[in-house]
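> predicted model follows, preceded by the sequence.
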Amino acid sequence: MKQSGPARRGDGLSPTDPVLLAAPLEFISEDNLRERQICAVIEELANSASFNRQAALTVLRFLNEELNVHVRDETEDLFPLLVRRCRPEDAIERAISRIRTDHDETTRLLPEVRAILERTLDTGGNPSTEDSKMLMSFATRMRRHLVAENAILLPIARARLTRVDLKKLSQRMRARRGLPPFSEASIA
């Protein structure tokens, strides 16, 4: 079933609406908005004078349930498609390499960030000064790759990927989430 209007934007505070998977680049863009919001919540947790249990749970759920899938969407599907479709003047390999480095660094820090959040949830207290610094560093690293994705990768993807590429990307992203394929007419 084809959507009758533009895809609905989320608030960035809840998981991206799977309906947007019909337009996979818009879904990734929306996931990036979600990731940016999570960075803001992480910074609030690091700097707040009072512990916000719901915020800590929201971040932990995002890290445990959404982040890995989002990174896989990009590294396993979007990046290889871009490498195949881009022209030399796009210099896409350099941009992808930078983003992969940032992904690797956030993945390396992830266990420590999870442990900090779990500790704060167990104790009901704010993170220590050292833990707050780690949370801020993690949020900064996440934001850095979002800038490159939003400013470089997604505009180039919109220009270079074909309808067939977008269909394949949509199908892979849906399968990764355990969802059935869209009908032919619904892929944007």
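Perfect, I can see it now.
> ok, Ala159 - how many residues close by?
11 (other Cβ atoms under 10 Å). From N, CA and C alone the C-beta is placed, and that goes for glycine too.
> how much space separates it from Phe79?
Remark: distance between Ala159 and Phe79 (Cβ to Cβ, to the nearest Å) = 16 Å.
> what do you get for Asn64?
Distance of Asn64 to Phe79, computed by Cβ to Cβ: 23 Å.
> so between these two, which is more surrounded?
The neighbour count for Asn64 versus Phe79, taken as other Cβ under 10 Å, is higher for Phe79 (20 against 12).
> low-confidence stretches in the protein?
Applying pLDDT under 70 to the chain flags residues 1-13, 183-188.
> how close does the nearest residue to Leu166 once chain neighbours are set aside get to Thr75?
Distance criterion Cβ to Cβ, 6 or more residues apart in numbering; nearest residue to Leu166, sequence neighbours excluded, is Pro24 at 5.8 Å. According to Cβ to Cβ, Pro24 stands 14 Å off from Thr75.
> got it, and Asp17?
Asp17 is 23 Å from Thr75, where distance means Cβ to Cβ.
> how about stretch 45-59: buried residues?
By neighbour count on 16 or more other Cβ atoms under 10 Å, the buried set for stretch 45-59 is Leu45, Ala46, Ala55, Ala56, Thr58, Val59.
> show me what it is in contact with.
Contacts with stretch 45-59, where a contact means Cβ atoms under 8 Å, 6 or more residues apart in numbering, come from 13, 38, 41-42, 44, 117, 120-121, 124-127, 131-133, 135-136, 139.
> that stretch: how far from the chain's middle?
20 Å (Cα atoms, centre = their mean, to the nearest Å).
> gap between the two ends of it?
In stretch 45-59, first residue to last residue: 10 Å (Cα to Cα, to the nearest Å).
> contact partners for Asp131?
Ala46, Ile116, Arg119, Thr120.
> ok so, going back, give me the more crowded residue out of Pro24 and Thr75.
Between Pro24 and Thr75, counted using other Cβ under 10 Å, Pro24 has the larger neighbour count: 27 against 15.
> wait, the more buried one sits on Asp165?
No. Assessed by Cβ atoms under 8 Å, Pro24 is found out of contact with Asp165, at 9.2 Å.
> which residue ranges of this structure form strands?
With DSSP state E, there are no strands along the chain.
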